[in-house]
Structures are given as C-alpha cells and as structure tokens.
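[1] Here is my input; please provide its structure:
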Amino acid sequence: METRLKFLDFQAKLKRDLQESQCRLSAGPDYEDPGQLPALILAYIGDAVFSLHVRTAMLAVESNKVHVLHTLLARMASAGLQAQALHMLEDNGIEEQELAVVRRGRNAKGRVPRSATVADYRASTALEALLGYLYLSGQQVRLQQILGQLVEFMCNAMTSEMEGSLRI
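    Just a heads-up that it's a prediction; the model follows:
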C-alpha cells in the first residue's frame, strides 16, 4: 500500500512538472544573452543544429537509404573530424566573440567517450558550442556560412580518407 502511495505521489509530481514545463516551453526562451549560457548547453544545442543541417544537406546525396545517411552523419559528427574542422575554421579566421565561445567550449569539462581523444572531444565540443551560440543569438547568416564551410571541409576530408584507403 505504501509503495502505491509513493508511486501516486511521484505521478502527481511528474504531472505538475510537465505542466510547468509546458507553460515555460510555450513562452519560448527566456535568456537574454546566449553567450552567458554554460558552454556544454551551447554545445548541446550546437550538436542538434549541426545534425539537422547535415541530415538536410545529405538528402541531396542520398534520399532513399537511411543507412547511408546515418553513416555519413555519424562520420561527420565524430570528434576527430569535428576537431579537424574546427582547426580549419580557426586557420581561416573567426571573429573575436566566436573565438571566446570556442575557448569556453574547449575548456568545458564533459565526459569523454572512449571513441575519442580528450583533445578531439574538447575541440568538437568547442565547435558545437560555437554553432549553438550562433543559432541562439540569431546570427543565421554567419551560422549558415560556417555550416557550409564545415560540410565542404568534411566531405573533402572523407573523400580523401576513402581514396587513401583504396590505394594498395
């Protein structure tokens, strides 16, 4: 009986939390300066922005095979390739405010997956934080410019990798 009461209490709390969240979500974001958000939150948003952009862009390559699309996205979302792409962006020059966001993203402490080095993971987090910052601050033109550069760089890098692996 006591377990059932605890569960009913839990359900009531969950229902209240969902109702509160729904009100907040329908009101839209309530932050004034995205640059003040934690770097890992910016990276969380940036990861979604990057994923959606790549998924949409890859429809021009293959619109019938989800497995192919997933494979391309997985490679482009890898920490190693994102780290290389960030270095390319830094070499081509990014604005001072963007560089500050990149530094914050690189210094953010997150759990590094086994499939990545610490340096690559931190660089990929920095790249995603930059994308999240640009998206949340409404800098759509700059965001699209950078996303275009990233996709072009990554496609070229993957092509070079495949050509290199085909040589005997």
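[2] Can you list the residue ranges for helices in the protein?
    2-27, 39-58, 66-76, 79-92, 96-107, 118-136, 140-166 (DSSP state H).
[3] Can you say which of these is packed in most?
    Highest mean neighbour count among the helices of the chain (mean count of other CB atoms under 10 Å): helix 118-136, with a mean of 24. Using the backbone N, CA and C atoms, a C-beta is placed for each residue, glycine as well.
[4] follow-up on the earlier one: nearest to residue 33, of the helices of the chain?
    When the helices of the chain are compared by CB to CB, helix 118-136 sits nearest residue 33, at 9.4 Å.
[5] Any figure for the gap between the closest residue to residue 124 other than its chain neighbours and residue 160?
    Spatial nearest neighbour of residue 124, excluding adjacent residues (CB to CB, 6 or more residues apart in numbering): residue 82 at 3.6 Å. Separation of residue 82 from residue 160 (CB to CB, to the nearest Å): 16 Å.
[6] Same question for residue 70.
    Relative to residue 160, and taking CB to CB, residue 70 is found at 22 Å.
[7] Look up how far residue 44 lies from the nearest residue to residue 103 once chain neighbours are set aside.
    In space, and not counting its chain neighbours, residue 103 is closest to residue 126: 7.4 Å by CB to CB, 6+ apart. Separation of residue 126 from residue 44 (CB to CB): 13 Å.
[8] Likewise for residue 86?
    In terms of CB to CB, residue 86 sits 17 Å off from residue 44.
[9] And residue 110, by the same measure?
    10 Å.
[10] re earlier: quick one, what contacts the residue nearest to residue 103?
    Contacts of residue 126 were listed using CB atoms under 8 Å, 6 or more residues apart in numbering, and they are 39, 43, 86, 101-106, 108.
[11] Format those as a markdown table; extra columns: pLDDT and distance to residue 6.
    Shown next, in a markdown table, are the contacts of residue 126 (pLDDT from 0 to 100; distance: CB to CB, whole Å):
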| residue | pLDDT | distance to residue 6 |
| --- | --- | --- |
| 39 | 94 | 38 |
| 43 | 96 | 36 |
| 86 | 95 | 48 |
| 101 | 95 | 44 |
| 102 | 95 | 47 |
| 103 | 95 | 46 |
| 104 | 95 | 41 |
| 105 | 94 | 41 |
| 106 | 92 | 44 |
| 108 | 89 | 37 |
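[12] Pick the one among these closest to residue 143.
    Nearest member of these to residue 143, counting by CB to CB, is residue 101, at 12.3 Å.
[13] ok, the closest one - contacts?
    Residue 101 touches 35, 39, 42, 126, 129-130, 133, counting by CB under 8 Å, 6+ apart.
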